[in-house]
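In: below are the sequence and a predicted model; questions follow.
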Amino acid sequence: MNSDQIAGKLRQFAGKAKEQWGRLTDDDWQVIAGRRDQLIGKIQERYGIEREMAERQVADFERMVGKD
């Protein structure tokens, strides 16, 4: 896989993540900056759910996107 393909996959992943968690703002995404733990914390904060549920959502998303 070349660098253009990798960049395309990353943009595709980011777009799907933004669709999945629409309540997260662009500022949230800048803070998250690819860090899984930050994503879980922001999901927990914005959706008012327990950490375990946010972790489960992220794990499910990773499995779903990984199949593409």
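Out: That came through fine. Numbers count the residues shown, from 1 in each chain.
In: now for Trp29, how many residues are close by?
Out: For Trp29, the count of nearby residues is 17 (other C-beta atoms under 10 Å). In this view, the C-beta of every residue, glycine as well, is placed from N, C-alpha and C.
In: begin at 535 from now on, thanks
Out: All right, first residue 535 from here; so that's Trp563.
In: ok, now which ones touch it?
Out: Shown in contact with Trp563 (C-beta atoms under 8 Å, 6 or more residues apart in numbering): 548, 552.
In: one more pass at 7 Å, please.
Out: Not one residue lies near Trp563 by C-beta atoms under 7 Å, 6 or more residues apart in numbering.
In: host element of it?
Out: Here Trp563 sits within helix 560-566, counting by DSSP states H and E.
In: got the contact list for the next helix or strand after that helix?
Out: Note on helix 560-566: by DSSP H and E, the next helix or strand toward the C-terminus is helix 570-581. Applying C-beta under 7 Å, 6+ apart, the contact partners of helix 570-581 are 555, 557-558, 562, 565-566, 585, 588-589, 591-592.
In: swap the cut-off to 8 Å and go again
Out: With C-beta under 8 Å, 6+ apart as the test, helix 570-581 has contacts from 551, 555, 557-558, 562, 565-566, 583-585, 587-589, 591-592.
In: over to stretch 548-556?
Out: With C-beta under 8 Å, 6+ apart as the test, stretch 548-556 has contacts from 558, 563, 573, 576-577, 580-581, 591, 595, 599.
In: give me the element the residue nearest to the spatial centre of the chain is part of.
Out: Closest to where the C-alpha atoms of the chain average out (C-alpha atoms, centre = their mean) is Ala551, at 4.3 Å. Element membership of Ala551 [criterion: DSSP H and E] is helix 537-554.
In: that helix vs helix 570-581, what angle?
Out: Per axes from the mean of the first three to the mean of the last three C-alpha atoms, to 10 degrees, the angle that helix 537-554 makes with helix 570-581 is 30 degrees.
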